[in-house]
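> sequence and predicted structure are below.
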Amino acid sequence: MWGLTTFVPIFSAFVWLAMLISMLAVWSYEGYEQYASMNQNQTIAYISDVGADRLKPLFITMSAVTVVSLDVSFILERWLRHRGVLTPNTSIWQKVYSGISIVAAIAGAAGLILLSIFDTLRHNRLHNIFLAVFIIGYIVSAIFICWEYQRLGIHFREHSVLRWSFWIKLAFILIEAALAVAFGVCSRTRRYNVAAVLEWVIAFVFFFYVLSFFIDFMPAFRSKHHHSAETEMDVARAGFATHGDGAADGERYYRGARANEYANGNENGAVDGYTNGTNGYANGAKPAKPIVPVAPSRNF
């Protein structure tokens, strides 16, 4: 079960990527259509422009699936860390950072879902507000995840996964923050084509950020195989224990039943026989006693 959690962020990331590629493909297939929501001097469509037209159902559905599954990944990560499958938190503050990151991610998810519903054509002001909530929510979430991982990395220096994840998410924060500022400036100065390109770049960078959570779940995937190996070893030990009991039974058989059999046989057969024979020849010639071999010394 733990190994399956590894694929939740992968699923989320590729749903998002499939949506972006589909929207780009449709826009290019239709001859780079000038949508109603686009400005007069704008030739490159925003994601929001494509999503406000015929592909709005696709935009809403795949955006919702992406962020819901991503937030499920955050919750699973918290649960696995609580269970000790992932490196456990060493202080209450680390748990607080994790909780804030989850709350911020939920806010960001709500922002994306709402901006896809309140499209830029019919609800431009609301759309821009929810766009800001989406971007800021996930940047804040990434900041607190980095903070948590930085503290964990101090206590678990042997786990390189924490170090890699920290640097990847820090890079996401810096890149997305810079792109978001540039996007806002270009939108304010009405450089719409540049702003549109920046929006697509922000969206594709977000794909890599979502995919990076695969790294965080890798220890859980290893734990799954580790526990499987332990289970196989336990079965093997149980098998040896069974064979051991069998060997003990056989040993008891050879040391017990067979030994008793030969002992009783020799006593009743040979010893009793000679005893009886002696008694039988008591009135006649006494037969010679058999030569008993000397037992070897135990010192050699």
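Cool, got the structure.

> how about the closest residue to D216 other than its chain neighbours, secondary structure?
With C-beta to C-beta, 6 or more residues apart in numbering as the criterion, D216 has its nearest non-adjacent residue at 5.3 Å, and that residue is S165. C-beta: built from backbone N, CA, C; applies to glycine. Put simply, S165 is helix when judged by DSSP: H, G, I helix; E, B strand; the rest coil.

> what strand or helix carries the residue lying closest to Y209 once chain neighbours are set aside?
If the residues on either side of it in the chain are set aside, Y209 comes closest to F172, at 4.4 Å by C-beta to C-beta, 6+ apart. F172 belongs to helix 160-188 when assigned by DSSP states H and E.

> that helix packs against which elements?
Secondary-structure packing of helix 160-188 (3 or more C-beta pairs under 8 Å, 6 or more residues apart in numbering; DSSP states H and E): helix 124-155, helix 192-211, helix 213-252.

> what sits up against the second one?
When contacts are defined by C-beta atoms under 8 Å, 6 or more residues apart in numbering, helix 192-211 is touched by residues 9-10, 12-13, 16-17, 20, 24, 38-39, 41-49, 66, 70, 135, 138, 142, 168-169, 172, 175-176, 179-180, 182-183, 186-187.

> let's see 7 Å
9-10, 12-13, 16-17, 20, 39, 41-47, 70, 172, 175-176, 179-180, 182-183, 186-187 (C-beta atoms under 7 Å, 6 or more residues apart in numbering).

> number of nearby residues for A171?
A171 has 16 neighbouring residues, counting by other C-beta atoms under 10 Å.

> ok, now N41?
Counted with other C-beta under 10 Å, N41 comes out at 9.

> which of the helices and strands packed on helix 160-188 has the lowest mean pLDDT?
Here the lowest mean pLDDT among the helices and strands packed on helix 160-188 goes to helix 213-252, at a mean of 50.

> please spell out the ChimeraX selection for the buried subset of the contacts of helix 192-211.
Of the contacts of helix 192-211, the buried ones go into a single ChimeraX selection, burial set by 16 or more other C-beta atoms under 10 Å:
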select :9,10,12,13,16,17,20,42,44,45,46,47,70,172,176,179,180,182,183,186,187
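
> helix/strand/coil for the closest residue to D53 other than its chain neighbours?
Among residues not flanking D53 along the chain, Y35 sits closest, at 5.4 Å (C-beta to C-beta, 6+ apart). Here Y35 is coil, with the state taken from three-state DSSP.

> for Y35, phi and psi?
phi -70, psi 160 (degrees, to the nearest 10).

> and if you look at D53?
The phi/psi pair for D53 (degrees, to the nearest 10) is phi -100, psi -140.

> one step back: contacts only, for the residue nearest to Y209.
A142, V205, Y209.

> could you do S91 as well?
So S91 contacts nothing (C-beta under 7 Å, 6+ apart).

> let's see it at 10 Å
Taking C-beta atoms under 10 Å, 6 or more residues apart in numbering as the criterion, S91 is in contact with Y97, E148, R151, L152, H155.
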